[in-house]
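Engineer: sequence-free structure coming up:
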């Protein structure tokens, strides 16, 4: 594995509109997309900074992963996503090196990317997403 | 403010050598510098991914900021640093917009950057660093 860049940083927030306001008005970034990912029970908002995106995540269900995260830890950085090439092989390689995979096979995430998560127990506390844009 | 890119992501770790091993052997990144920042009671290790760095932070003192963070929250993402131009003015502007500043004036951080932190209470839970490389 050799990630080309950090594709995005996922940040759990309580209120998407309030948080968009902060990222736009204080940090001066521009929200270019809002998307609901029903599967993950979240509404997301995207901003671009250099070659990385900020992905804000608001839960649409207290029982969803972001709802539970905020309940336990409050708002904050939820995951880091690394852009890779050949995600299936990368996952296999990670598993062979002892990583605990949350997704054994890639699935579809926001913006049509193929994504898979590594468990934070095997990545020194950071929920780590690997992702590939196969439309590029 | 309009950050040019995410300068780095700061990650609190318990053991720098163990974590370097993970970032090198599993993620395939290369640690290009190890630096002690005595003022912050940390030892840091740096990796480059695209235009962003990963900064691992190991505490050298349980009473230091990273020592306390790990005691309370465990290992994980500690802060996000945005690269800005004209940091003094940017800080003034942020304060005028109601942000709570941890540093009213920039101070020297790792790699010789001028840095200042915004309090996570005013940034929706993300400890936010602003930084400028004045040697560029």
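Structural biologist: It's in. In this text the structure is predicted, and so the values were computed from the model without any measurement.

Engineer: Pairing partners for the helix or strand bottoming out on mean pLDDT in chain A, with directions?
Structural biologist: Ranking every helix and strand in chain A by mean pLDDT, DSSP states H and E puts strand A:107-108 at the bottom, with a mean of 90. Neighbouring strands of strand A:107-108 in its sheet, by DSSP bridges, are strand A:114-118 (antiparallel).

Engineer: Going C-terminal from the partner strand, what's the next secondary structure element?
Structural biologist: As assigned by DSSP states H and E, the chain's next helix or strand after strand A:114-118 is strand A:128-132.

Engineer: From the contact counts, what lies against that following strand?
Structural biologist: strand A:5-13, strand A:76-83, helix A:87-96, strand A:114-118 (3 or more C-beta pairs under 8 Å, 6 or more residues apart in numbering or on different chains; DSSP states H and E). C-beta: built from backbone N, CA, C; applies to glycine.

Engineer: Give me the packing partners of the first one, helices and strands only.
Structural biologist: Meaning strand A:5-13. Counting by 3+ C-beta pairs under 8 Å, 6+ apart, strand A:5-13 packs on strand A:52-59, helix A:65-73, strand A:76-83, strand A:128-132, strand B:5-13.

Engineer: Residue numbers of chain A in contact with chain B?
Structural biologist: Proximity of chain A to chain B (C-beta under 8 Å from any C-beta of the partner chain) is limited to residues A:1-6, A:9, A:11-14, A:18-19, A:22, A:25-29, A:49-52, A:73-77, A:80, A:82-83, A:94, A:97, A:99, A:120, A:123-126.

Engineer: ok, of those residues, which come out buried?
Structural biologist: Buried subset of these (neighbour count, 16 or more other C-beta atoms under 10 Å in any protein chain shown): A:1, A:3, A:5-6, A:9, A:11-13, A:19, A:22, A:26-29, A:49-52, A:75-77, A:80, A:82-83, A:94, A:99, A:120, A:123-126.

Engineer: got any ranges where chain A has weak pLDDT?
Structural biologist: Within chain A, not a single segment meets pLDDT under 70.
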